[in-house]
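Peer 1: Got a sequence here, can you build the structure:
(one chain, ligands or ions: 3)
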Amino acid sequence: MHIRKRVMVTGGAGFLGSHLCERLLDEGYDVLCVDNYYTGSKRNIAHLLGNPYFELCRHDITFPLYVEVDEIYNLACPASPIHYQNDPVQTTKVNVHGSINMLGLAKRIKAKILQASTSEVYGDPTVHPQPESYHGNVNCIGPRSCYDEGKRCAETLFFDYFRQHNLKIKVARIFNTYGPRMHLNDGRVVSNFIAQALQGKPLTIFGDGTQTRSFCYADDLVEGLIRLMQSPDDVTGPINLGKPDEFKILELAEKVIELTNSSSEIIFKPLPADDPQQRRPDITLAGKVLGWEPKIKLAEGLKKTIAYFEEVLRAL
Ligand code: NAD
Ligand code: UDP
Ligand code: UDP
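Peer 2: Ligands and ions are numbered 1, 2, ... in the order given. Now for the predicted structure:
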C-alpha cells in the first residue's frame, strides 16, 4: 500500500502557503495546514477542504504544537510591511518563539523542517545582486527590524538546532513573490498597483520609483521550495529563491497600467524608512544544487494576477 508522506505547512492559509498546500496535495502528500488567520484566510484554502488528505488546524505557532508529520514547511509570519508593522512584537514572536516551537517539534518527531526566510535578511544591500554569502546591511532598531531581525534570528535558530541537535533543516531566502491570492489590502506593491489600476485609483509610488525589486511568480517559487525540501540532507541552504530580472518600481507601475488598460494616474508618496533601494537575487546556487530557475515572465504572471483581482473585485 502507498503510504502518503505527512507534511505540515504553517501559514498554509496565506498567499504562498495556500499555493504550496495545493501543490503538495497534487503530488500525493497528506497535508496539515496550520494557521491562525492573522493575514491568511479560509477563502484561500476553501477549495481544498473537500480533499480527504487535507486537514486544517487553527493554531498560533507562538504556542507549542504536538502533531506527528514527516516534513514541516514553516511559512507562518505576516509578509507585507503594513501587516508585520501593525503588531511588531507579535512579528518578532512568530519568528523567534514560533521557530523554537516548530524546531522543538521537528526535533521530537525527527521531521525535516524548511524555513521560509527572506531577502530582507540582506536589509538595504551594499552588494548587488545578493549572493547567499553576503551578510547584509540591516538596521536593528527601525520599523522593519521586527521582520528583518526576526527572520535573521530564525535562521540562527535553524542552524543552531542543526549543529546542536542534528536536525534536518532547509533555509530558503525568498525574494519578492506575487500572484493570485495576495490579499486585496495586502499592502505589497504588486497587489496595491493592480487593485488601484483596476479601480481607476491613482497608483501610489513610494519615493521617486527608482528603487528596484525582482518579482517571482508564486508557482515558480513553490516549485523551488519543494525541490529544496526534497534535496539531499546535506543541502541546508540558505538558498536564494527569486527571479533575477530587476525592475524599477516606476516601470512596474507603467506595466500594470498597460496590462490593465487603466486610465489611472501615478502619484508619488514619501518613501517609508529603511526601504531598500535595490534588490535582485543571485540564484546561481539554486540552479546548481536544485536545478531550479523561475520560468514565468513578469507580464505573464501579472496577467494571471490581474485576472484574479478582477474576480475578487467583481465579488465585492
Ligand atoms: P501571508 O501573510 O499571505 O501568509 C502568512 C500566513 O501566516 C498567513 O496565513 C497568516 O495568517 C499566517 N500566520 C501569521 N502568524 C501566524 C501564527 N502566529 N501562527 C500561525 N499562522 C500564522 O504571506 P506570504 O507572502 O504567503 O508569506 C509566507 C511566508 O513567506 C512568510 O514567512 C514570509 O515571511 C515569507 N516570504 C514571503 C515573500 C513574498 O514575497 N511573498 C518574500 C519573502 C519571504
Ligand atoms: N515543542 C512543541 N511541540 C513538540 C515539541 C516541542 O511545540 O512536539 C515546543 C516546546 O514548547 C518547547 C520548544 O518546542 O519549548 C523547544 O523544544 P526543545 O525540545 O528544543 O526545547 P525544550 O523543550 O528543552 O525547551
Ligand atoms: N511600494 C510602492 N507603492 C506601494 C507599495 C509599495 O511604491 O503601494 C514600494 C515600496 O516602497 C518598496 C517596493 O515598492 O520600495 C516593494 O514594496 P513591497 O512592500 O511590495 O515589498 P518589500 O519592500 O518588502 O520588498
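Peer 1: contacts, neighbours, all on C-alpha from now
Peer 2: Will do.
Peer 1: Is Val253 inside a helix or a strand, and which specific one?
Peer 2: Let me fix one detail, which is that residue 253 is Ala and not Val. Secondary structure assignment for Ala253, by DSSP states H and E: helix 249-260.
Peer 1: Could I get the buried residue list for that helix?
Peer 2: Ile249, Leu250, Leu252, Ala253, Lys255, Val256, Ile257, Thr260 (16 or more other Cα atoms under 10 Å).
Peer 1: what residues does the stretch 151-300 of the chain put near ligand 3?
Peer 2: Asn176, Gly187, Arg188, Val189, Asn192, Thr204, Ile205, Phe206, Gln211, Ile249, Leu271, Asp275 (Cα under 6 Å from any ligand atom).
Peer 1: List only those of the residues you listed flagged as buried.
Peer 2: Buried residues within those, counting neighbours by 16+ other Cα under 10 Å: Asn176, Gly187, Arg188, Val189, Asn192, Thr204, Ile205, Phe206, Gln211, Ile249.
Peer 1: how about those residues, which pair is most distant?
Peer 2: Asn176 and Thr204 (18.1 Å; Cα to Cα).
Peer 1: what residue ranges in the chain are flagged as low confidence?
Peer 2: 1 (pLDDT under 70).
Peer 1: As a check, name the ranges of all strands in it.
Peer 2: 6-10, 30-35, 54-58, 71-74, 112-118, 169-174, 177-178, 203-206, 212-214, 216-217, 239-241, 246-248, 266-269 (DSSP state E).
Peer 1: Can you give me the neighbour number for Leu49?
Peer 2: When neighbours are counted by other Cα atoms under 10 Å, Leu49 registers 12.
Peer 1: what do you get for the one 10 residues further on?
Peer 2: His59 is flanked by 16 other residues according to other Cα under 10 Å.
Peer 1: thinking it is in contact with Leu32, fair?
Peer 2: No. Using Cα atoms under 8 Å, His59 is not in contact with Leu32; the gap is 11.5 Å.
Peer 1: Residue numbers of this structure in contact with ligand 1?
Peer 2: 10-17, 35-40, 59-62, 75-79, 94, 116-118, 174-177.
Peer 1: 5 Å - rerun?
Peer 2: Residues of the chain found near ligand 1 (Cα under 5 Å from any ligand atom) are 11, 13-16, 35-40, 60-61, 75-79, 94, 118, 174-177.
Peer 1: Please name the nearest non-neighbouring residue to Cys153.
Peer 2: Val96 (6.6 Å; Cα to Cα, 6 or more residues apart in numbering).
Peer 1: Just the C-alpha atoms of stretch 23-36, please, in CSV.
Peer 2: Extracted in CSV, the C-alpha atoms of stretch 23-36 (Å, rounded to 0.1, in the frame of the first residue of the first chain):
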residue,chain,number,x,y,z
ARG,A,23,0.8,21.7,-5.0
LEU,A,24,1.6,19.2,-2.2
LEU,A,25,-1.8,17.6,-2.4
ASP,A,26,-1.4,17.3,-6.2
GLU,A,27,1.9,15.5,-5.5
GLY,A,28,0.2,12.9,-3.2
TYR,A,29,1.1,14.3,0.2
ASP,A,30,-1.1,14.2,3.3
VAL,A,31,-1.3,17.9,4.1
LEU,A,32,-1.9,19.5,7.5
CYS,A,33,-2.4,23.3,7.2
VAL,A,34,-1.8,25.3,10.4
ASP,A,35,-2.8,28.9,10.5
ASN,A,36,-4.2,31.5,12.9
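Peer 1: Any chance you could list what contacts that stretch?
Peer 2: With contact meaning Cα atoms under 8 Å, 6 or more residues apart in numbering, stretch 23-36 is reached by 4-13, 21, 53-61, 76, 222.
Peer 1: hang on, the earlier thing: now, of the strands of the chain, which is deepest in the fold?
Peer 2: Among the strands of the chain, ranked by average contacts under mean count of other Cα atoms under 10 Å, first place goes to strand 239-241 (a mean of 29).
Peer 1: Which strands border that strand, and is each parallel or antiparallel?
Peer 2: Counting by DSSP bridges, the strands paired with strand 239-241 are strand 169-174 (parallel).
Peer 1: one step back: could you dump the strands of the chain to CSV with distance to Asp160?
Peer 2: Converted to CSV, those look like this (distance: least, Cα to Cα, whole Å):
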stretch, distance to Asp160
strand 6-10, 21
strand 30-35, 24
strand 54-58, 28
strand 71-74, 16
strand 112-118, 13
strand 169-174, 10
strand 177-178, 28
strand 203-206, 38
strand 212-214, 30
strand 216-217, 30
strand 239-241, 17
strand 246-248, 34
strand 266-269, 42
